[in-house]
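Colleague: Give me a model of this one.
(2 chains)
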Amino acid sequence: MPDDLLDARRRKLQNIVQLERDPYGRRFPDVVANDAIRARAEALNLSPGQTAEAERVTAAGRITLLRNMGKLAFLHIRDSRADLQIGVSKKAVSESDWAVLEQLDLGDIIGVTGAIGRTKTNEVTVWVNSLTILSKCRQIPPEKWHGLSDVDLRYRRRYVDLFTNPEVMKTFRDRIAIIDAIRDHLRKLGFLEVETPALQPIYGGAAARPFTTHHNTLDIELFLRISPELYLKRLLVGGMERVFEIARNFRNEGMSPRHNPEFTMLELYQAYGDLSDMMDVTEGMISSAIAQLDGRHERQFGDQTINYTAPFKRRTYGDLLREHAGVDLRDHNAVFEKAKSQHLLNKLAKDPNRAARASSAADLGIDQAIIANELFEATVEPYLIQPTFVTEYPAELCPLTRRKPDDPTLALRFELYVAGMELANAYTELNDPDIQRQTMSQHLQGEGDETMRVVDEDFLLALEYGMPPAGGLGVGIDRLVMLLTNSQSIRDVILFPLQRPSQNT
RNA sequence: GAGGGCGUAGCUCAGUCGGUAGAGCAACGGCCUUUUAAGCCGUGGGUCCUGGGUUCGAGCCCCAGCGCCCUCACCA
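Modeller: Predicted structure coming up:
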């Protein structure tokens, strides 16, 4: 039973009330951030044991360490950037303040004012002359040394994770910095940041199963967006030449270290641009993000070292397949036999016997390009460690994309791979409404699954008004943050990842 | 959805061959005015994930369930 632990804290809270002090505090102005106080101490050039009596500061934070020696106490308080040691001498504070100090626990939030100094052991310390409790912590914080490491608890109680594990706070501060840098970069390029519906009567722009919901007043079924694409393109029709949205997308699919049901995607469209512009934008954005962090273009991700110095490698799909799988994309038979020998057909055929008997893609009723792509994913993807733009995808894999003028079997698309992960995806967009209508309907037929899919007639109508030729780009923001912060799971870069609700908490 | 791993004190973790449930931190009482995972003396703290089963006896073995993690499947 943890009751005795909780009771002890509740008792101390009562003691504070009895001292006529408010255990939950109030406005506490002029707080200086811990790292700023440390910087000031640095600038003062104090020698060990010295205190700059005139350098008074106000500090506040959560107690992460508390050592009371009876008449002198050292505590560490933490804010979102740093820890700071404070020293409280019984002689230097009021009787009431000292009495409050004796009722403090790890996890309490306090505010102090005092002079900046250094201890004999050279630790920067604020020597307190007044102390205020700002919030009593009535739960038990995790252990000071190991912190909170149970991953389930870390996600369920992210607030505890954040204040006990500074590297977690750092990761999320970095996430914020990365997104800020991307916004700045795009605005400087003249992109307008827009917001489009997350509740959509017809979903589109990606092949994924949506979440469904219902609007009571209109009494209609709605879908949570799987992509903002079709709305952003409407804005191109409307005359916004450069638009972007940092959109939360929702996909009712499986979860993995690289997939969360809701995730953040940057999508942007640039009128009069194409694939090569999208490469420039991608490289520029990532460089800006890195500059906003520590500026290091060479970064660790797990046991890999990745170099983000632009320009990134550019390789064609066909070249990569030839290099890693040893087959020519156009040699359908070789592709088929190679895929068969690698046991890649079973899952496509959904029946091992049928896969074993088949001697061509047609036998399985599967498009040739699908088999090639299976081979690509198995043999090429794992080796795309350094940032690589993969270009010239087989057109069948991306029916909604404009084709290469001099070779209509290839699509004007690239995917950016880093560390074997798909990080970005870009196209020279299709703006011919007739071709778009045709490919959308074909795509529908190919999807014959249980999910409802409807051609978005209003989108096609918009195209008929005329959409400028454009480049389009999508970047998985969570994955980018994973890569730049060396986080192995998408859940480590999403503050509150989806967890099954638990009964106990 | 399939396979594998894990679940012991508030936290981080031990637990041997199936034989009385352990440590550190945290907590409680006491001492301590320069600590750095502070120190010293003393005390308390358990639904061993849940439910069955085997056994004289289960934290440990078996079955089922729950939760989490990983791999795969799903997924422009």
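Colleague: what's the nearest residue to residue A:77 once chain neighbours are set aside in contact with, if anything?
Modeller: Residue nearest to residue A:77 in three dimensions, not counting chain neighbours: residue A:61, with 3.4 Å by C-beta to C-beta, 6 or more residues apart in numbering. Using the backbone N, CA and C atoms, a C-beta is placed for each residue, glycine as well. By C-beta atoms under 8 Å, 6 or more residues apart in numbering, residue A:61 lies in contact with A:34, A:77, A:78, A:79, A:83, A:84, A:109, A:110.
Colleague: same question, residue A:500
Modeller: Contact partners of residue A:500, counting by C-beta under 8 Å, 6+ apart, are absent.
Colleague: For it, give me phi and psi.
Modeller: Main-chain torsions, residue A:500, degrees, to the nearest 10: phi -60, psi 130.
Colleague: and what of residue A:49?
Modeller: Taking degrees, to the nearest 10, you get phi 90, psi -10 for the backbone angles of residue A:49.
Colleague: To what extent is the one residue in the stretch 101-250 of chain A that gets nearest to RNA strand B buried, counted in neighbours?
Modeller: Relative to RNA strand B, the nearest point of the stretch 101-250 of chain A is residue A:207 (2.2 Å; C-beta to the nearest atom of the strand). A count of nearby residues for residue A:207, using other C-beta atoms under 10 Å, gives 15.
Colleague: Then the one 3 residues further on?
Modeller: Other residues near residue A:210 come to 24 when the count uses other C-beta under 10 Å.
Colleague: Then the one 10 residues further on?
Modeller: When counting by other C-beta under 10 Å, one arrives at 11 neighbours for residue A:220.
Colleague: List the contacts of it.
Modeller: Taking C-beta under 8 Å, 6+ apart as the criterion, residue A:220 is in contact with A:201, A:214.
Colleague: Tell me what it is bridged to.
Modeller: Residue A:220 forms beta bridges with residue A:215, as assigned by DSSP bridges.
Colleague: Where does the residue nearest to residue A:77 fall, secondary structure wise?
Modeller: Counting by DSSP states H and E, the element that carries residue A:61 is strand A:51-68.
Colleague: Equivalent analysis for residue A:464, please.
Modeller: Applying DSSP H and E as the criterion places residue A:464 in helix A:457-465.
Colleague: can you pull the buried residues of that helix?
Modeller: A:459, A:460, A:462, A:463 (16 or more other C-beta atoms under 10 Å).
Colleague: residue contacts, the first one?
Modeller: Residues counted as contacts of residue A:459 (C-beta under 8 Å, 6+ apart) are A:204, A:230, A:233, A:234.
Colleague: mind checking pLDDT for the last one?
Modeller: What it means is residue A:234. Note for residue A:234: predicted pLDDT of 97.
Colleague: what mean pLDDT does the helix or strand following the helix holding residue A:464 have?
Modeller: Using DSSP H and E, the helix or strand that follows helix A:457-465 in sequence is strand A:470-476. Per-residue pLDDT over strand A:470-476 has a mean of 96.
Colleague: May I have the strands that pair with strand A:470-476, each with its orientation?
Modeller: Strand A:470-476 has these strand partners (DSSP bridges): strand A:262-271 (antiparallel), strand A:421-428 (antiparallel).
Colleague: Tell me the first helix or strand C-terminal of that strand.
Modeller: Counting by DSSP H and E, the element after strand A:470-476 in chain order, helix or strand, is helix A:477-485.
Colleague: Mind giving me the packing neighbours of that following helix?
Modeller: Using 3 or more C-beta pairs under 8 Å, 6 or more residues apart in numbering; DSSP states H and E as the contact test, the elements touching helix A:477-485 are helix A:166-188, strand A:262-271, helix A:275-292, strand A:298-301, strand A:421-428.
Colleague: Got the phi and psi for residue A:343?
Modeller: Backbone geometry at residue A:343, expressed as degrees, to the nearest 10, gives phi 60, psi 40.
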